[in-house]
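Visitor: No letters, just coordinates:
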DNA sequence: GTCTATAACGAGATAGAC
DNA sequence: GTCTATCTCGTTATAGAC
């Protein structure tokens, strides 16, 4: 998800395009922007990605792959479901700290103007995330590492959309710190102490 | 928030522009789109709104006003805090059913490309909403109509961003029904007891 | 208040030399 | 694989007739 060092031209184009989509949106960046950032001509970009739709599709494909890799890394790094979910939330926090929106959250806003292939890939990103969250929540509930009401699928969808919304509003309101409060709230939904029983605190943030 | 009948030209321009911003985003609609929808020439639009920034500002100003009017109507229509919050959530549901994104949620995505005046007005929309939610939550807790943990401000922010995210992901995933599940989850956060689902939890203790 | 006409610019995209 | 040059179209915006 971050820039590679000494990458090929295509990868460097994708790095710039990814950043521009995440910060400006698909319709608010141009081949000229990418070309300027890389110090090449617009025509060179078309050699690597014939159309803007192709470029967008490649950006999303790579982003999805990187995101899935991050999820695999989370699973490798911790057994506990709550810890995994905390790290999942932190993936979004990292996006905000780079002053970006989630790539697919941004494209979700642009969705009515996107080519169908791109639209489908964005939808897949959301499905993949919800599937991972659902599995993590189910396993965690089975092991009593997390606790929540309703179906795992429903909670997974709520997890995802809450985080996307927290990023969106943090950017739109100019108050990025509000993301942390939302992150705390959503994690509170699945913490064993947070619901039903006595509440561990008054909503104060935990160190990250 | 909906189209007025027999409105003046300026209002009809705003109606179309509002719809286009909510469906396509600020950077993906043009004066040509608005002109075609109204059956007038582009130059006529500039007579009413000299620049696109002016048009955007007017759209947001009217939207904020209409939203505040809806909130006042909610307060006039019911005393109960939970009922008020349910109606608040329904405001967002109505937006989705019209196949739109929240105007300011959409502009939040576009924020880095917007003129400063527009950006500030979008931030104000979020502040206004959070202030209303905070007040509603505080009063409701005092009267034991709702129950939640943490500060009212924190819950208000979470309410808002969750709903914005639910709209965003519902659109981006092509599964609008997911909004209703998210809406149910977020209302479950403040409900005192179960209603149809299992929101009572398994612990049954009461915070605070 | 709406129109025609057009300016001034930037967009995505292509042809063909090197 | 990158370049120059160009095409075509759409964009915001303005001038001035009616």
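Guide: Received the coordinates, thanks. The model shown is predicted, which means the values in this text are computed figures rather than measured ones. Numbers count the residues shown, from 1 in each chain, chains lettered A, B, ... in the order given.
Visitor: Nearest the middle, which residue of chain A would you pick?
Guide: The geometric centre of chain A, computed from its C-alpha atoms, lies nearest to residue A:102 (CA atoms, centre = their mean), at 4.4 Å.
Visitor: Now do that residue against DNA strand D, distance only.
Guide: 26 Å (CB to the nearest atom of the strand, to the nearest Å). Where C-beta positions appear, they are placed from N, C-alpha and C, glycine not excepted.
Visitor: which residues sit in contact with that residue?
Guide: A:22, A:92, A:95, A:163-164, A:167 (CB atoms under 8 Å, 6 or more residues apart in numbering or on different chains).
Visitor: Looking at those residues, which one is closest to DNA strand D?
Guide: DNA strand D lies nearest to residue A:22 out of the contacts of residue A:102, by CB to the nearest atom of the strand, at 22.7 Å.
Visitor: tell me the contacts of the closest residue to the closest one other than its chain neighbours?
Guide: Nearest residue to residue A:22, sequence neighbours excluded (CB to CB, 6 or more residues apart in numbering or on different chains): residue A:100, at 3.9 Å. Residues in contact with residue A:100 (CB under 8 Å, 6+ apart) are A:19, A:22-23.
Visitor: touching DNA strand C at all, the helix or strand harbouring residue A:33?
Guide: Here residue A:33, judged by DSSP states H and E, is contained in helix A:31-38. Yes - under the criterion of CB under 7 Å from any atom of the strand, DNA strand C is reached by helix A:31-38 at A:31-33.
Visitor: which residues of chain A score low on pLDDT?
Guide: A:1-6, A:193-208 (pLDDT under 70).
Visitor: circling back: how about the residue nearest to residue A:22, secondary structure?
Guide: coil (DSSP: H, G, I helix; E, B strand; the rest coil).
Visitor: With neighbour count added, can I get the contacts of residue A:102 in CSV?
Guide: Output for those, formatted as CSV (neighbours: other CB atoms under 10 Å in any protein chain shown):
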residue, neighbour count
A:22, 24
A:92, 23
A:95, 19
A:163, 29
A:164, 29
A:167, 28
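Visitor: near DNA strand C, which of these show up?
Guide: Within the contacts of residue A:102, nothing lies near DNA strand C by CB under 7 Å from any atom of the strand.
Visitor: Throw the residues you listed into TSV and include secondary structure, thanks.
Guide: Output for the contacts of residue A:102, formatted as TSV (three-state DSSP):
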residue	secondary structure
A:22	helix
A:92	helix
A:95	helix
A:163	helix
A:164	helix
A:167	helix
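Visitor: Just give me how far stretch A:170-182 sits from the chain centre.
Guide: 15 Å (CA atoms, centre = their mean, to the nearest Å).
Visitor: Between the two ends of it, what distance do you get?
Guide: 10 Å (CA to CA, to the nearest Å).
Visitor: Show me what counts as buried in it.
Guide: A:170-173, A:175-176, A:178-182 (16 or more other CB atoms under 10 Å in any protein chain shown).
Visitor: Among the residues of helix A:31-38 next to DNA strand C, the buried ones, what's the PyMOL command?
Guide: The following PyMOL line selects those of the residues of helix A:31-38 next to DNA strand C that are buried, judged by 16+ other CB under 10 Å:
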select buried, chain A and resi 31+33
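Visitor: can I get the residues of helix A:31-38 next to DNA strand C in CSV with distance to residue A:151?
Guide: Below are those laid out as CSV (distance: CB to CB, whole Å):
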residue, distance to residue A:151
A:31, 45
A:32, 48
A:33, 43
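Visitor: Nearest to chain B among the residues of helix A:31-38 next to DNA strand C?
Guide: residue A:33 (11.4 Å; CB to the nearest CB).
Visitor: Quick check: chain neighbours aside, which residue is closest to the closest one?
Guide: Nearest non-adjacent residue to residue A:33 (CB to CB, 6+ apart): residue A:20, at 5.9 Å.
Visitor: and the one you found, what element?
Guide: Here residue A:20 is assigned to helix A:9-24, by DSSP H and E.
Visitor: Report the angle between that helix and helix A:31-38.
Guide: 120 degrees (axes from the mean of the first three to the mean of the last three CA atoms, to 10 degrees).
Visitor: buried ones in helix A:9-24?
Guide: Buried, per 16+ other CB under 10 Å, within helix A:9-24: A:12-24.
Visitor: so what does it touch, helix or strand wise?
Guide: Counting contacts by 3 or more CB pairs under 8 Å, 6 or more residues apart in numbering or on different chains; DSSP states H and E, helix A:9-24 packs against helix A:31-38, helix A:42-48, helix A:52-77, helix A:103-109.
Visitor: tell me the most buried of the ones you listed?
Guide: helix A:103-109 (a mean of 28; mean count of other CB atoms under 10 Å in any protein chain shown).
Visitor: Give me the contacts around that one.
Guide: A:18, A:21-22, A:25-26, A:56, A:59-60, A:63-64, A:114, A:118, A:122, A:125-126, A:164, A:167-168, B:25, B:101, B:105-106, B:109-110, B:165, B:168-169, B:171-173.
Visitor: need the contact list for the residue nearest to residue A:48 when sequence neighbours are not counted.
Guide: Closest residue to residue A:48 apart from its sequence neighbours, by CB to CB, 6+ apart: residue A:10 at 4.9 Å. Residue A:10 makes contact with A:48-49, A:58, according to CB under 8 Å, 6+ apart.
Visitor: Give me the subset of the residues you listed that also touch DNA strand D.
Guide: Okay, of the contacts of residue A:10 touching DNA strand D (CB under 7 Å from any atom of the strand), that's residue A:48.
Visitor: Out of the contacts of residue A:10, the closest to DNA strand C would be?
Guide: So of the contacts of residue A:10, ranked by how close each gets to DNA strand C (CB to the nearest atom of the strand), first place is residue A:49, at 7.8 Å.
Visitor: Now for the closest one, how many residues are close by?
Guide: Look at residue A:49: counted by other CB atoms under 10 Å in any protein chain shown, it has 20 neighbours.
Visitor: now residue A:99
Guide: Residue A:99, neighbours per other CB under 10 Å, totals 12.
Visitor: Not including adjacent chain positions, what is the nearest residue to it?
Guide: residue A:23 (6.9 Å).
Visitor: The helix holding residue A:20 vs DNA strand D: in contact?
Guide: Yes - residues of helix A:9-24 contacting DNA strand D under CB under 7 Å from any atom of the strand: residue A:9.
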